[in-house]
Structure formats: C-alpha cells, structure tokens
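# got a predicted structure here, sequence first:
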Amino acid sequence: MHCPFCRHPDSRVIDSRTSDDGLSIRRRRQCPECGGRFTTTETASLNVIKRSGVMEPFSREKVISGVRKACQGRPVTEADLAVLAQRVEEAVRQTGVSQLDTNEIGLAILGPLRDLDEVAYLRFASVYQAFDSLDDFESAITDLRADHADPELADR
Ligand SMILES: [Zn+2]
C-alpha cells in the first residue's frame, strides 16, 4: 500500500491488532522512505463454497436460516438468532481463513447453538453430524450432562 505522505509504494507493518468485535484488523504502518506513520483497517473477505462448488460471500442470514428449523418451538428469539450468527461469523473470522465450506460453517454453528439452546443443538447436530443411532444421541447428551457437572462452566 502506498504511503499517503510521499507515495512510496511500500510500507512496513509495525503493529497489528484485532478490533474488539474480531471482525477487522487495524495495522499501524510506517513508510521506510519518509518515516511517516499511518493506520489501515482490514476486513477480510470471507467466502463460502457450497456443495455445488459455487462460491458466495458468507452471510449471517444463511446461518440463521440454517438453524431456524432446529429452533422451532424452542424459546429462541430472532434477536438470539442474530447474536448466534454474529458469534459464528466472529469464530470463523478469528480462524483467519478466507474461504470455507458449508460443512465448516456447520461446525462453527455447533458451539454457539449449544450455548443458546441444548435441544436445538441436539436437533441441529443430529442432522449435521448425521446421527444414525440412539447411541449418537446418547453420547451427545452425555457430553452435555458432563458440561453441566463441570463447576467451571456452571456459572457461565
Ligand atoms: Zn512515505
């Protein structure tokens, strides 16, 4: 990136930090030519490769529509879903990838959905992870129970 002071074609990154929401990175840069300092903000592009091979930009709406069915009849509001989609986006962006497939999106949804509603989580996981027996449900439920018993997690 050109130096805004002298137009030198190169600059050196002297500090990088992620914004509080985790969705962008601010970089302090210094021009090796004139020594001028400036800040840039980067927001990574994030694309999803669908099963068909088609690539499209990551969309929180798609995340929400993906989990809405699992949340049917549960005490989950539209605001909850919006927060969930934001958490999924943050989690995905924090891994630093620029593209991921729908399977990886599904994985990123599991954690936040589990925090939101365990029944919805079980429904979603059963489809997404292709549970094919009662044992699969049982081990998922055992995991949930184990977390309940963990005092570190009890007051979250
Ligand atoms: Zn310069």
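Received the coordinates, thanks. Numbering: from 1, shown residues only.
# run a quick neighbour tally on Glu118.
Burial measure for Glu118: 17 neighbouring residues, criterion other C-beta atoms under 10 Å. (Glycine included, C-beta is placed from N, CA and C.)
# again, but for the one 4 residues further on
Each residue near Leu122 was counted by other C-beta under 10 Å, and the total is 17.
# show me what the strand or helix carrying it is packed up against.
In this assignment (DSSP states H and E), Leu122 forms part of helix 118-128. Applying 3 or more C-beta pairs under 8 Å, 6 or more residues apart in numbering; DSSP states H and E, one finds that helix 118-128 makes contact with helix 102-116, helix 134-149.
# and the first one, what does it pack onto?
Just to be clear, that refers to helix 102-116. Using 3+ C-beta pairs under 8 Å, 6+ apart, helix 102-116 sits against strand 47-49, helix 60-68, helix 78-94, helix 118-128.
# quick one: buried residues of the helix or strand following the shortest one?
Per DSSP H and E, strand 47-49 leads on to strand 55-57 as the next helix or strand towards the C-terminus. Neighbour-count burial for strand 55-57, with 16 or more other C-beta atoms under 10 Å as criterion, is recorded at no position.
# repeat for stretch 74-92
Neighbour-count burial for stretch 74-92, counted by 16+ other C-beta under 10 Å, picks out 76, 80-81, 84-89, 92.
# go on, stretch 112-121?
By neighbour count on 16+ other C-beta under 10 Å, the buried set for stretch 112-121 is 112-114, 116-118, 120-121.
# what's the answer for stretch 18-29, then?
Quick answer for stretch 18-29 (16+ other C-beta under 10 Å): 25, 27, 29.
# burial count for the closest residue to the last one other than its chain neighbours?
Read that as Arg29. Closest residue in space to Arg29, ignoring its immediate chain neighbours: Ser11 at 4.2 Å, by C-beta to C-beta, 6 or more residues apart in numbering. By other C-beta under 10 Å, the residues close to Ser11 number 21.
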